[in-house]
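Enquirer: Have a look at this prediction, sequence included:
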Amino acid sequence: MQTPSSSSKQTASAAQYEDSRLVPLWRAWLEVAGSMPLDKWLKNTVRQYAHSGPTSMPEYDEVKKHNKFKTPKTFAPNAEPEAVESASLSLAMFSALRFQQLATALEFAYRNQETAIDWLQWDLEWQHRDVQAIVPVSFWYWVQLRVNGDQPKKNQAQLRDAEDRRKFFNQFAAQATPENFHIYLLWYGLRPQWADLLNARKTVSNWDDKTLQHFIQQQITTPPLWLRVQKNADVVDVCDSLQRQGVKAQLDDQQRLSARGGVGVHSTEEYKTGAVEIQDIASQQIALTVAAKPGQKVWDACAGAGGKTLAIAAQMNNKGALVATDLHEYKLDELKRRVKRADIFNVRAFVWTGLEPLRLPKEIAQQRGFDWVLIDAPCSSAGTWRRNPDARWRFDANDTNELIQLQQQLLTNAAPAVRAGGHLVYATCSWQVSENEQQIEWFVQQHPEFSIQSQRILGVPELDSDTMFVAVLVNNS
């Protein structure tokens, strides 16, 4: 098992957890928690706390991996103190959000040391508001210990039993092993009640114990910002140019481009001209699964802002037809802007509600359907928890059941648009079996004219990215 002093430092070594501004900042967040994502709230809030006076000068790059905040055009040790302070406070807030239930568990166990605790039952009764019952100084010390390891509290006067808490924390940490699975999940920011879901994923994906443990441990780290090169630009040249502009860009052994800090990608010439797009590597792999050729007809049914649409279009060289639909017009407006920036001319976008089969455009009807249909279905987004830790606390079984019904509706209404011999690609950004393999099983039972060509999990645990799922089905009619 990774110790508190090793694994946790990956997430938040730059944050200052005894910064007094964290207490009012955390209180302010708790008042709105659940109503908006933390990153959006911080954009509008954190600077007023940073402006109240710097107390530290941590490294900036850890927060930049979230790509949540606009940065100065250059960043050096003498960069704007307010930007540095915003980074430190924001990073601490992300860590607190990851470990808010663990901190609650530690406080409960510390105050009930003579009681044997059933952690699954405790979790079933746990409410988000329980976090508010912890004295803020105690809460932040638990977070500090989890992130930075066994460290005495600098200001002992703030928490007179700090030394007792530190000793208790070390005892609790020793129990956080895979053999004590519920405590192990708490330790890595996951709820004990999700144990069955995780074990179901392990079984279906044929993972061994170490792979599951790696998957769980990755849930407290932030993946890099993955980038995709467009307009036939050379990836090495793009990487070099981004580095010259202050982006900490790098290529892996397969020439895949990512950024791990430095200047924000949005400010670079490559982004402004459409030579590079921000897209998680797992999402890129889904787009490549839609193996569209120039001249073919493709439908991206749940296109959103068009990340996968752009990647699919890149394979088609502006030849053929690419229809992009979504329920929300504002997302399609952003898609159109991105398509224009990328010099793509074969994309047609319009609203599709998913409530009934698509009325095929004339040129598609002439060949009796699309060659490829992609359903990037609305889902629980469990695969994005590494970037969006607050999403895990909104995860709810009842919501998942509603999403499953919606996913089945979309599959049913998109299937008639796939021509004979064509392919239907189903994808989610979730690792839940119920949203993925079980949906595919249900669909082929309902539509025996389709057969499964492939299905797999993408990203973590194999890649340092989000976790996604993709299945390819063939219309054999």
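Expert: Structure's in. What do you need? Numbers count the residues shown, from 1 in each chain.

Enquirer: Quick one: name whatever helix or strand follows the stretch of helix or strand Ser95 belongs to.
Expert: Secondary structure from DSSP states H and E places Ser95 in helix 81-98. Sequence order places helix 100-111 as the next helix or strand after helix 81-98, per DSSP H and E.

Enquirer: what's the closest non-adjacent residue to Met423?
Expert: Slight slip there: residue 423 is His, not Met. Trp372 (5.2 Å; CB to CB, 6 or more residues apart in numbering). For the C-beta atoms, the positions are set from N, CA and C on the backbone; glycine is no exception.

Enquirer: picking up where we left off before, tell me which residues in the helix holding Ser95 are buried?
Expert: Using 16 or more other CB atoms under 10 Å as the test for burial, helix 81-98 gives 82-98.

Enquirer: Apart from its chain neighbours, what residue comes closest to Ala33?
Expert: Of all residues not flanking Ala33 in the chain, His128 sits nearest, at 6.6 Å (CB to CB, 6+ apart).

Enquirer: scratch that, Leu145 is what I was asking about
Expert: Nearest residue to Leu145 in three dimensions, chain neighbours excluded: Phe169, at 4.7 Å (CB to CB, 6+ apart).

Enquirer: what's near enough to touch the one you found?
Expert: Phe169 makes contacts with 106, 142, 145-146, 150, as judged by CB atoms under 8 Å, 6 or more residues apart in numbering.

Enquirer: The residue nearest to His423: what secondary structure?
Expert: Following DSSP: H, G, I helix; E, B strand; the rest coil, Trp372 is assigned to strand.

Enquirer: The one helix or strand Leu227 maps to: partners in the sheet, and parallel or antiparallel?
Expert: For Leu227, the host element (DSSP H and E) is strand 225-229. Paired neighbours of strand 225-229 in the sheet (DSSP bridges): strand 257-262 (antiparallel), strand 276-278 (antiparallel).

Enquirer: residues making contact with that strand?
Expert: Identification of contacts with strand 225-229 by CB under 8 Å, 6+ apart yields 65, 67, 235, 238, 249, 256-260, 265, 275-281, 284, 310-311, 465.

Enquirer: From those residues, list the buried ones, please.
Expert: 65, 67, 238, 249, 256-260, 265, 275-277, 279-281, 284, 310-311, 465.

Enquirer: Go through those residues and flag which are in helices.
Expert: The helices in this structure, assigned by DSSP state H, contain 238, 281, 284, 310-311 from the buried ones among the contacts of strand 225-229.

Enquirer: Which pLDDT value does the model give the residue most central in space within the chain?
Expert: Residue closest to the mean C-alpha point of the chain, counted by CA atoms, centre = their mean, is Thr384 at 2.1 Å. pLDDT recorded at Thr384 is 96.

Enquirer: One more: Ala87?
Expert: At Ala87, the pLDDT value in this model is 81.

Enquirer: before we move on, what about Glu114?
Expert: 92.

Enquirer: now the one 4 residues further on
Expert: We note a pLDDT of 98 for Asp118 in this prediction.

Enquirer: ditto for the one 4 residues further on
Expert: The confidence metric pLDDT takes the value 98 at Trp122.

Enquirer: so which helix or strand takes in it?
Expert: helix 119-125.

Enquirer: how about the residue nearest to Pro294 when sequence neighbours are not counted, what does it touch?
Expert: Spatial nearest neighbour of Pro294, excluding adjacent residues (CB to CB, 6+ apart): Lys319 at 3.8 Å. The neighbours of Lys319, taking CB under 8 Å, 6+ apart as the test, are 294-295, 346.

Enquirer: Buried only: go through the residues you listed for me.
Expert: Asn346.

Enquirer: Out of the contacts of Lys319, flag the one nearest to Ile457.
Expert: Nearest to Ile457 among those, counting by CB to CB, is Pro294 at 29.9 Å.

Enquirer: does the residue nearest to the centre of the chain really touch Cys429, like I thought?
Expert: Yes. Contact between Thr384 and Cys429 holds when scored by CB atoms under 8 Å: they sit 5.4 Å apart.

Enquirer: what's the overlap in contacts for those two?
Expert: Here Thr384 and Cys429 have 466-467 as joint contacts, going by CB under 8 Å, 6+ apart.

Enquirer: which residues does Asp252 contact?
Expert: Applying CB under 8 Å, 6+ apart to Asp252 gives the contacts Ser258.

Enquirer: again, but for Trp122
Expert: Taking CB under 8 Å, 6+ apart, one finds 105, 108, 192 in contact with Trp122.

Enquirer: Wait, the second one touches Thr115, no?
Expert: Spelled out, that is Phe108. No. Using CB under 8 Å, Phe108 is not in contact with Thr115; the gap is 9.3 Å.

Enquirer: So which of the two has more stuff around it?
Expert: Higher neighbour count among Phe108 and Thr115: Phe108, with 17 against 9, using other CB atoms under 10 Å.

Enquirer: Report the contact partners of the more buried one.
Expert: For Phe108, the contact set (CB under 8 Å, 6+ apart) comprises 117, 122.

Enquirer: Tell me the predicted confidence for it.
Expert: For Phe108, the pLDDT comes out at 97.

Enquirer: Quick check: the gap between it and Tyr141.
Expert: Distance, Phe108 to Tyr141, using CB to CB, to the nearest Å: 15 Å.

Enquirer: cool, Gln432 as well?
Expert: Gln432 is 34 Å from Tyr141, by CB to CB.

Enquirer: Then Leu355?
Expert: Relative to Tyr141, Leu355 is positioned 52 Å away (CB to CB).

Enquirer: neighbour-wise, which of the two wins?
Expert: The residue with more neighbours, out of Leu355 and Tyr141, is Tyr141; 24 against 9, by other CB under 10 Å.

Enquirer: Looks to me like the more buried one is in a helix.
Expert: Yes. According to three-state DSSP, Tyr141 belongs to a helix.

Enquirer: residues in contact with it?
Expert: Contacts of Tyr141 (CB under 8 Å, 6+ apart): 17, 153, 159, 162, 165.

Enquirer: who's in contact with the first one?
Expert: What that stands for is Tyr17. 92, 95, 140-141, 143-144, 147-148.

Enquirer: Would you list the phi and psi of it?
Expert: Main-chain dihedrals, Tyr17, degrees, to the nearest 10: phi -80, psi -10.

Enquirer: How about it: what's its closest non-neighbour residue?
Expert: Distances taken as CB to CB, 6+ apart put Gln144 closest to Tyr17, at 3.6 Å, once the chain neighbours are dropped.
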